[in-house]
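J.: A structural model of the following input is requested.
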Amino acid sequence: DVQLVESGGGLVQAGGSLRLSCAASGFSFDDYIIGWFHQAPGKEREAVSAIKSLDGNTYYTDSVKGRFRISKDNAKKTVYLQMNELEPEDTAVYYCALWVGDNWYKRPDYWGQGTQVIVSS
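T.: Numbers count the residues shown, from 1 in each chain. Modelled structure (predicted):
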């Protein structure tokens, strides 16, 4: 079974940085997309960033462009989200997500359990 295990969340002051990691396991296909969603209290889950395994194409939601950077290690099947210049509005549970194939306009096929990020003002 596919498993996604997140780490790296925590409490940070505004302007600080955190790096999230998501280790994927339990699959052998090499064409996939892996990325991050976040969900703030009372709000819908929304896509933050994603990266394609084969060509490295990336997606960022407008609110994080220039502050967050996604990267991957295909050999380790791990994706990282470097979050800089964090703002209180970034406070949310961050979920790792995986799409089988290269179509990121569909709903992800797998989800992690989530890791909490809290940014204090």
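J.: Would you check that residue 21 makes contact with residue 77?
T.: No. At 11.2 Å, residue 21 does not count as touching residue 77 under the criterion of C-beta atoms under 8 Å. C-betas here are computed from N, CA, C, even on glycine.
J.: For stretch 57-65, measure first residue to last.
T.: 15 Å (C-alpha to C-alpha, to the nearest Å).
J.: One more: stretch 20-29?
T.: By C-alpha to C-alpha, the extent of stretch 20-29 from end to end equals 23 Å.
J.: quick check: mean pLDDT across it?
T.: Taken as a whole, stretch 20-29 carries a mean pLDDT of 95.
J.: How about stretch 75-89?
T.: Stretch 75-89 shows a mean pLDDT of 97.
J.: Of all the residues in that stretch, which ones are buried?
T.: 77, 78, 79, 80, 81, 83, 86 (16 or more other C-beta atoms under 10 Å).
J.: what do you get for stretch 39-54?
T.: Going by neighbour count (16+ other C-beta under 10 Å), the buried part of stretch 39-54 is 48, 49, 50, 51, 52, 53.
J.: Quick one: residues in contact with that stretch.
T.: With C-beta atoms under 8 Å, 6 or more residues apart in numbering as the test, stretch 39-54 has contacts from 30-38, 57-61, 64, 68, 70-72, 74, 79, 81, 89, 91-95, 97, 99, 102, 104, 114.
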